[in-house]
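Novice: Sequence isn't available, so here's the structure alone:
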């Protein structure tokens, strides 16, 4: 399996141990993002983004992954996911044949998003995040890199937006 080349042998081995020990919780895949909780020293949230079956991004809430490094928790999730016989590739790219949405459908979605006002977009996004724990986890893992509280996160994002 191609994804294993993303990890050092040591990290892969530790991830496999976690997988074999049953440390990986239930896998959920929503909107191209695979999420799971892995029990370690603490419970860590892992989110792995896919385009088709190509890995495009990985995040974990553990300290090792704070700088963008790939950790044993990510490897453990991929071992469990791969156990189901699903081919996973580490290639990043525009493989539109395997994309979740066709290019035509995506073009239409972009048009709809572009004509909606900011308030409507925010309400829609918040509604989706409120009703989908996997999407919420993936969103926070992708956009909250500093292990901040939600209120700190929002204030920092507002400051960044105001400075633009």
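Specialist: That came through fine. Quantities reported herein were computed from a predicted structural model and do not represent experimental measurements. Residues are numbered from 1 along each chain as shown.
Novice: low-confidence ranges in the chain?
Specialist: Along the chain, the parts satisfying pLDDT under 70 run over 1, 84-101, 132-164.
Novice: tally of neighbours for the closest residue to residue 80 other than its chain neighbours?
Specialist: Nearest residue to residue 80 in three dimensions, chain neighbours excluded: residue 24, at 4.5 Å (C-beta to C-beta, 6 or more residues apart in numbering). Heads up, the C-betas are built off the backbone N, CA and C, glycines and all. Neighbourhood size, residue 24 [other C-beta atoms under 10 Å]: 23.
Novice: same deal with residue 123?
Specialist: 12.
Novice: now do residue 121
Specialist: Per other C-beta under 10 Å, the neighbour tally for residue 121 reads 12.
Novice: Contacts only, for it.
Specialist: residue 113 (C-beta atoms under 8 Å, 6 or more residues apart in numbering).
Novice: Which helix or strand contains it?
Specialist: helix 118-131 (DSSP states H and E).
Novice: Residue 72 is in contact with residue 14, correct?
Specialist: Yes. Applying C-beta atoms under 8 Å, one finds residue 14 in contact with residue 72, separated by 3.8 Å.
Novice: For this protein, just list every one of the helices.
Specialist: Taking DSSP state H, the helices of the chain run over residues 9-20, 72-83, 103-115, 118-131, 133-143, 150-162.
Novice: Which secondary structure elements does the lengthiest strand in the chain sit against?
Specialist: Of all segments of type strand in the chain, defined using DSSP state E, the longest is strand 43-51. If you count contacts as 3 or more C-beta pairs under 8 Å, 6 or more residues apart in numbering; DSSP states H and E, strand 43-51 packs onto strand 33-39, strand 54-60, helix 72-83, helix 133-143.
Novice: In the longest one, which residues are buried?
Specialist: Buried residues in helix 72-83, counted by 16 or more other C-beta atoms under 10 Å: 72-81.
Novice: Correct me if wrong: residue 25 contacts residue 40.
Specialist: No. Contact criterion C-beta under 8 Å: residue 25 and residue 40 do not qualify, at 11.6 Å.
Novice: how many neighbours does residue 48 have?
Specialist: Count around residue 48 with other C-beta under 10 Å applied: 26.
Novice: And for residue 12?
Specialist: Neighbours of residue 12 under the rule other C-beta under 10 Å: 20.
Novice: you'd agree it is up against residue 75?
Specialist: Yes. The criterion here is C-beta under 8 Å, and residue 12 meets it with residue 75 at 5.4 Å.
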